[in-house]
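Student: Could you look at this predicted model? Sequence included:
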Amino acid sequence: MTHNTNKDYTGAKIGMWLFLFTEIILFGGLFVLYSVYLHRYPDEFHLAGQELNVYFGTANTLVLLTSSFSMALSITALQKDNKKLCMILLTITMILACVFLVNKYFEWGAKIHHGIYPDSPALLERPKGEIIFFGLYYVMTGLHGLHVLIGALIIFVVLVLVAKNKVTSSDFVAVENTGLYWHLVDMVWIYLFPLFYLVV
Amino acid sequence: MYAAEEKHIVEFKILFKVLIALFVLTGVTVLAGSVDLGYFSVVVALLIATAKASLVVFFFMHLKYEGGLFKIMVLLAFVILAIFIGFTFFDVAFRTN
Amino acid sequence: MNSSESKTLSFWEDDGRFSGIFSWIFTTDHKRIGILYLYSVLSLFAVGVVIGLLMRLELIAPGSTIVGAQTYNAFFTVHGVIMIFLFVIPSIPASLGNLFLPIQLGAEDVAFPRINLLSWWLYITGLILILISLFTGQGAPDTGWTFYVPFSEYTTTNVNVAVLGVFILGFSSILTGLNFITTIHRMRMPDMKWTQIPLFGWSLYATGWIQVLATPILGITVLLIFVERTLGVGLFDPAKGGDPVLYQHLFWIYSHPAVYIMVVPAMGVVTEIIPVFARKHIFGYKAIALSSLAIAFAGSLVWAHHMFTSGMSDTAVMIFSFLTFIVAIPSAVKVFNWVATLYKGSIVLEPPLLYALAFIFLFSIGGLTGLVVGSAGTDIHVHDTYFVVGHFHYTIFGGTVFGMFGGLHYWFPKIYGKMYNKKVATTAWGILFIGFNVLYFPMLVLGIMGMPRRYFDYLPEYQLWHVVSTVGSWIVAVGLILMFYNLYRGIKKGEPAGKNPWNAATLEWTTLSPPPKLNFLEEPELTRGPYEYKGIEDDAQYQ
């Protein structure tokens, strides 16, 4: 028998979606905790949520949504054999990812500067529901931010592969799968945003 | 390189319309966040978030253009997550202490 | 053997790009990865057995016998972590699954060969981290393999390193499941429909889904232990508003489905063996295939039956107890279908069948004791007693591990091209079977008498059954040594085995023993169903 060298495009996508399911469930565990504690401490969550800056949150949401848009466009561009446009769009996606992370840095920085961080003396004096709210805030946005960072790195790698013609209009599943990962990161934030910034 | 399989190209126009819809829904959810509906505020927020997530999944992630297998798998993952959250509430919602 | 067959290198010899040990640790051949996993998990099994023997030695008398309390706590923690995460969970899928799933599907390899290799490397990384946690700092974790809060948050032992190891092992398991699901969807030979896949393949498919959808919860749970220990966030700490019972929910949301990751592949092995050695088509192919999926799904609904005494609501206690009964149904479907296959079959009593029959007997006892722990009312009395320890050893050891031993004895001639001594194999089986029951049945008695688990000291009234059980552990040890020595001698000096010594009908028996690197000499032809034995002795493809 000779070695089969055909690549399996659909198989590669199935594999990526299966990996995305693991990410959904990974974050899902934290959403289990969030939902229980929201049920248990509705008033404290409301109070603590007001301390988060809704402008930063909304801006970050729009930034991430736009980055998803540019990512999706980059795939369309490559499929239409427009390598240059694809690379520009991937670069824009990466820049937007960095904008998100910079915003996050300022948001967290402000909170930490005011003495609100896990196990801080100031936080521990507050009602229990608020301690939990901020605990979940740091863990969930922290894990999400880590995924944004990893995603930005993966997009950079794929950008290089496109530049070197390793990923092309006839073999583009790497960009498509990168897009799938990036959209998932966007989706997690779509849920995090209202649950932390808009808790009324 | 690939065996003959359809690759679906999602046009710029559609993706742009989806982005606008996402921006609009974001505005709606921020506005809804300033109205006190009590318990229902969370429900409304989650419904809007799910609408946004669906747009991302179906258009940006191309699920609309994939075969039934992908759609069933995605549904399965979310159903399982719903079970994990929902069944935990059999405990949490009925504590007497 | 014709001339092209005798010139073909087997996968053992066909090195590829690298040479020596690098041709193994950098391989992407699913069969070599299967062997790497096989030898890895069996080595860890040996370590786990030794710890188990030491635990039984400690328990032969009340009070401190060979170790003190702290060491004993480390013993049962490490025994559990090794046996569960480093042995049983990967066991059948990563070794026998890797070796034979692609071949049974008529494929050349799995869907993602490099990810397959990555999975093994992650396994080794997790293993190294667990080993580091044993021998550095304040020593091995003493929390039990369940790492319950609050103790896991403030014990000064090496929990951080250990849970990082568990996280990585979880990732390894996820990748195996992801690979197998995709392989079964995409890599089947063109003629092979879903209804023609061997039932071992169906069991690996169902298991793959549990690995993909349940393991990430383990990931987040151990990550949270790490975060709690290092940052003190307080998500499970009542002083900071947290709820320790939520930890248990998260932990068991994975760890209950995990037991189906453990047992469903073994059921798949049993389903392969029984029809071959009854010379009869499997009874109820579709029912067995669907029952694997049903077990996977139903098993995801029942986790809180581990938490009946945790303080959760009575509502939850009743609902989860009720749901737990449902899981027994698809498992019973399998047992009934196995028995129906044997009925009026032409029984060939060889070592693989002995292990399959032992599986049915021991797993059934495990399952019946499962009804006792699954019913909330009776569980109140036996929770955290030796009854539970007996229950899960009957199901996991009597079930999965005996199933794996059956698979080893079944596929041995295909892997090594040789046959082991069947008489010695049978003797070893007999010693193992007797020893197993002497070791674990007393635990069921001890539990009902009230002996708590994870205790190294006990009241004198429990000693008789502890002594019996410890003697049983020695008999098991003898059986294991004999079994493995016999297989080892078979590798070194066994009689050459042909393509199909058992006259089985699945595709791996049409190729050389051992198979060549690309699995088949020519594109395989699907000429019969996986359990159709009529005329197989004259079918050239299988001889």
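Tutor: Received the coordinates, thanks.
Student: SS state for the closest residue in space to residue A:180 that isn't next to it in sequence?
Tutor: In space, residue A:180 comes closest to residue A:16 once its chain neighbours are excluded; the distance is 5.2 Å by C-beta to C-beta, 6 or more residues apart in numbering or on different chains. C-beta coordinates here come from the backbone N, C-alpha and C atoms, glycine included. When classified by DSSP: H, G, I helix; E, B strand; the rest coil, residue A:16 comes out as helix.
Student: quick one: residue A:16 and residue A:177 touch, right?
Tutor: Yes: here residue A:16 reaches residue A:177: they are 4.1 Å apart, a contact under C-beta atoms under 8 Å.
Student: that older thread, please work out how many residues are found near the residue nearest to residue A:180.
Tutor: Around residue A:16 there are 20 other residues, counting by other C-beta atoms under 10 Å in any protein chain shown.
Student: ditto for the one 4 residues further on
Tutor: Using other C-beta under 10 Å, residue A:20 is surrounded by 20 other residues.
Student: so which strand or helix has the nearest residue to it once chain neighbours are set aside?
Tutor: Counting by C-beta to C-beta, 6+ apart, residue A:20 lies nearest to residue A:184, which is 5.1 Å off, once chain neighbours are set aside. Assessed by DSSP states H and E, residue A:184 sits inside helix A:173-197.
Student: circling back: show the contacting residues for the residue nearest to residue A:20.
Tutor: A:20, A:23-24, B:61 (C-beta atoms under 8 Å, 6 or more residues apart in numbering or on different chains).
Student: among those, who's most crowded?
Tutor: Counting by other C-beta under 10 Å, top hit in the contacts of residue A:184: residue B:61 with 26 neighbours.
Student: ok, that residue to residue C:73 distance?
Tutor: Per C-beta to C-beta, to the nearest Å, residue B:61 is found 48 Å from residue C:73.
Student: returning to what we had before: pLDDT check: weakest of the contacts of residue A:184?
Tutor: Scanning the contacts of residue A:184 for pLDDT, the low point is residue B:61. It has 95.
Student: The closest residue to it other than its chain neighbours: neighbour count?
Tutor: Nearest residue to residue B:61, sequence neighbours excluded (C-beta to C-beta, 6+ apart): residue A:183, at 4.8 Å. Using other C-beta under 10 Å, the number of residues around residue A:183 comes to 24.
Student: Show the pLDDT at residue A:183.
Tutor: pLDDT, residue A:183: 97.
Student: Surely it touches residue B:54?
Tutor: No: counting by C-beta under 8 Å, residue A:183 does not reach residue B:54; the two are 11.9 Å apart.
Student: any shared contact partners between these two?
Tutor: With C-beta under 8 Å, 6+ apart, residue A:183 and residue B:54 have no common neighbours.
Student: Which part of chain A gets nearest to chain B, residue-wise?
Tutor: residue A:198 (3.2 Å; C-beta to the nearest C-beta).
Student: What sits closest to that residue if chain neighbours are left out?
Tutor: residue B:33 is the one closest to residue A:198 (C-beta to C-beta, 6+ apart), at 3.2 Å.
Student: sorry, back to before: got the contact list for the residue nearest to residue B:61?
Tutor: By C-beta under 8 Å, 6+ apart, residue A:183 lies in contact with A:68, A:71-72, B:56-57, B:60-61.
Student: Next step: these restricted to strands.
Tutor: Using DSSP state E, no member of the contacts of residue A:183 falls within strands.
Student: and residue 93, how many residues sit next to it?
Tutor: Went with chain A since none was named. Residue A:93, neighbours per other C-beta under 10 Å, totals 28.
Student: that answer is for a different chain, and I need it for chain C
Tutor: Counted with other C-beta under 10 Å, residue C:93 comes out at 27.
Student: so who does it touch?
Tutor: Contacts of residue C:93 (C-beta under 8 Å, 6+ apart): C:176-177, C:180, C:204, C:207-208, C:211, C:261, C:265.
Student: quick check, nearest of these to residue C:67?
Tutor: Nearest to residue C:67, judged by C-beta to C-beta, of the contacts of residue C:93 is residue C:261 at 31.7 Å.
Student: Which residue comes closest to residue B:81 once chain neighbours are left out?
Tutor: In space, residue B:81 is closest to residue A:28, 4.3 Å off (C-beta to C-beta, 6+ apart).
Student: Residue C:221 is in contact with that neighbour, correct?
Tutor: No: between residue A:28 and residue C:221 there is no contact under C-beta under 8 Å: 11.7 Å.
Student: what about the chain, any weak spots by pLDDT?
Tutor: Since no chain was named, I'll use chain A. Scanning chain A for pLDDT under 70 picks out A:1-2, A:5, A:200.
Student: think we crossed wires, I meant chain B
Tutor: In chain B (pLDDT under 70), the answer is B:1-6.
Student: how distant is the helix holding residue A:184 from the center of its chain?
Tutor: 5 Å (C-alpha atoms, centre = their mean, to the nearest Å).
Student: Which positions in that helix come out as buried?
Tutor: Using 16 or more other C-beta atoms under 10 Å in any protein chain shown as the test for burial, helix A:173-197 gives A:173-197.
Student: now the helices for chain B?
Tutor: Applying DSSP state H to chain B gives helices spanning B:12-32, B:40-55, B:68-92.
Student: residue contacts, the most centrally placed residue in chain B?
Tutor: Nearest to the geometric centre of chain B sits residue B:53, at 3.0 Å (C-alpha atoms, centre = their mean). Contact partners of residue B:53, counting by C-beta under 8 Å, 6+ apart, are A:187, A:190-191.
Student: Ok, residue A:141 next?
Tutor: Residue A:141 neighbours (C-beta under 8 Å, 6+ apart): A:104, A:108, A:192, A:196.
Student: thought the residue of chain A closest to chain B was touching residue B:28?
Tutor: No: the pair residue A:198 / residue B:28 is not scored as a contact, 10.9 Å apart, by C-beta under 8 Å.
Student: who has more neighbours, those two?
Tutor: Under the neighbour definition other C-beta under 10 Å, residue A:198 and residue B:28 were set side by side, and residue A:198 has more, 24 against 14.
Student: tell me the contacts of residue C:465?
Tutor: For residue C:465, counting by C-beta under 8 Å, 6+ apart, the contacting residues are C:442-443, C:445-446, C:449, C:451.
Student: Tell me the buried residues within those residues.
Tutor: Counted by 16+ other C-beta under 10 Å, the contacts of residue C:465 give C:442-443, C:445-446, C:451 as buried.
Student: residues touching residue C:92, list them.
Tutor: Here residue C:92 is in contact with C:265-266, C:268-269, C:400, C:403-404, C:407 (C-beta under 8 Å, 6+ apart).
Student: Closest one of those residues to residue C:153?
Tutor: Using C-beta to C-beta, the contacts of residue C:92 come closest to residue C:153 at residue C:400, 31.5 Å.
Student: Now find how far off-centre stretch B:60-74 is within its chain.
Tutor: The answer for stretch B:60-74 is 13 Å, by C-alpha atoms, centre = their mean.
Student: buried ones in it?
Tutor: Applying 16+ other C-beta under 10 Å to stretch B:60-74 flags B:60-63, B:66, B:70, B:73-74 as buried.
Student: Export the helices of chain B as a markdown table, with columns for distance to residue C:118.
Tutor: Output for the helices of chain B, formatted as a markdown table (distance: least, C-beta to C-beta, whole Å):
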| stretch | distance to residue C:118 |
| --- | --- |
| helix B:12-32 | 33 |
| helix B:40-55 | 30 |
| helix B:68-92 | 22 |
